[in-house]
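[1] Build me a model:
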Amino acid sequence: MYQYVAKQELNTTQDLAWEFLSDPKNLKRITPSYMGFDIISGAERKMYPGQIIQYKLTPILRIPFRWVTEITHVKEGDYFVDEQRFGPYVFWHHKHFIKKTTSGIIMEDIVDYKLPLGPLGWLAHKLFVKNKVKQIFVYREKALNEIFNPTI
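    Next up, the predicted model:
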């Protein structure tokens with residue numbers, strides 16, 4: 001089991017951050033284009049518990065993956081949780097927190113995940129998955145800075 005944690009300060013209000021982050025259609029805007037990310041279904045409404053969202057991705061060697069996540073928890077304005085139901089991981093649990101500060105908000109992502117194939121999954125994680133997960137969140141940080149912190 002692995003964990004990735006990302007924190008980012010954004011110069012915005014909690015309401016505006018929530019408005020953007022709780023809209024599934026905005027996920028494409030903060031995902032690297034090389035991931036070939038497209039939402040197939042489930043993005044018609046803002047996040048709600050029980051929401052099923054289906055994606056198509058081509059993250060490695062243009063091999064297409066279908067990924068299905070469920071939004072399992074939502075506390076309006078504060079956090080939501082997505083969990084993989086079908087996809088490339090054995091386990092994927094992603095918590096998104098938005099906390100108000102005196103100068104804006106802090107957004108924190110905590111992802112707990114597990115790869116399939118035992119020792120081969122461990123090797124894949126060491127060779128490229130760990131870095132791929134990090135690259136996605138580095139890109140996301142840059143994209144969110146362009147949206148909410150344009151002077152950075």
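[2] C-alpha from now on. contacts and neighbour counts both.
    Fine.
[3] distance of residue 62 from residue 34?
    Using Cα to Cα, to the nearest Å, we find residue 62 at a distance of 9 Å from residue 34.
[4] low-scoring stretches of this structure, by residue?
    Within the chain, the ranges that satisfy pLDDT under 70 run 152.
[5] Going by residue numbers, what spans are strands in it?
    All strands of the chain, identified by DSSP state E, fall at 2-10, 38-41, 52-60, 63-75, 79-86, 91-101, 104-114.
[6] between those, which one is nearest to residue 22?
    When those are ranked by distance to residue 22, counting by Cα to Cα, first place goes to strand 79-86 at 8.0 Å.
[7] relative to strand 52-60, how tilted is that closest one?
    Interaxial angle of strand 79-86 relative to strand 52-60 (axes from the mean of the first three to the mean of the last three Cα atoms, to 10 degrees): 70 degrees.
[8] Direction included, what does strand 79-86 pair against?
    Sheet pairing for strand 79-86, assigned by DSSP bridges, gives strand 63-75 (antiparallel), strand 91-101 (antiparallel).
[9] Tell me which of those strands sits most buried.
    Neighbour counts (mean count of other Cα atoms under 10 Å) averaged over each of these peak at strand 91-101, with a mean of 19.
[10] Can you pull out the residues in contact with it?
    Residues outside strand 91-101 that contact it (Cα atoms under 8 Å, 6 or more residues apart in numbering) are 13-14, 17-18, 77-84, 105-115.
[11] again, 7 Å this time
    With Cα atoms under 7 Å, 6 or more residues apart in numbering as the test, strand 91-101 has contacts from 14, 78-84, 105-114.
[12] centroid residue for this protein?
    The chain has residue 94 as the residue nearest its centroid, 6.9 Å off, counting by Cα atoms, centre = their mean.
[13] Look up how far residue 71 lies from residue 82.
    4 Å.
[14] Just the buried residues of stretch 43-62, please?
    43, 47-48, 51-59 (16 or more other Cα atoms under 10 Å).
[15] and those as TSV, adding distance to residue 139?
    TSV is the format used below for those (distance: Cα to Cα, whole Å):
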residue	distance to residue 139
43	22
47	22
48	26
51	25
52	25
53	22
54	22
55	19
56	19
57	16
58	17
59	14
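[16] Among those, find me the one that's closest to residue 23.
    Of all these, residue 23 sits closest to residue 47, with 6.4 Å by Cα to Cα.
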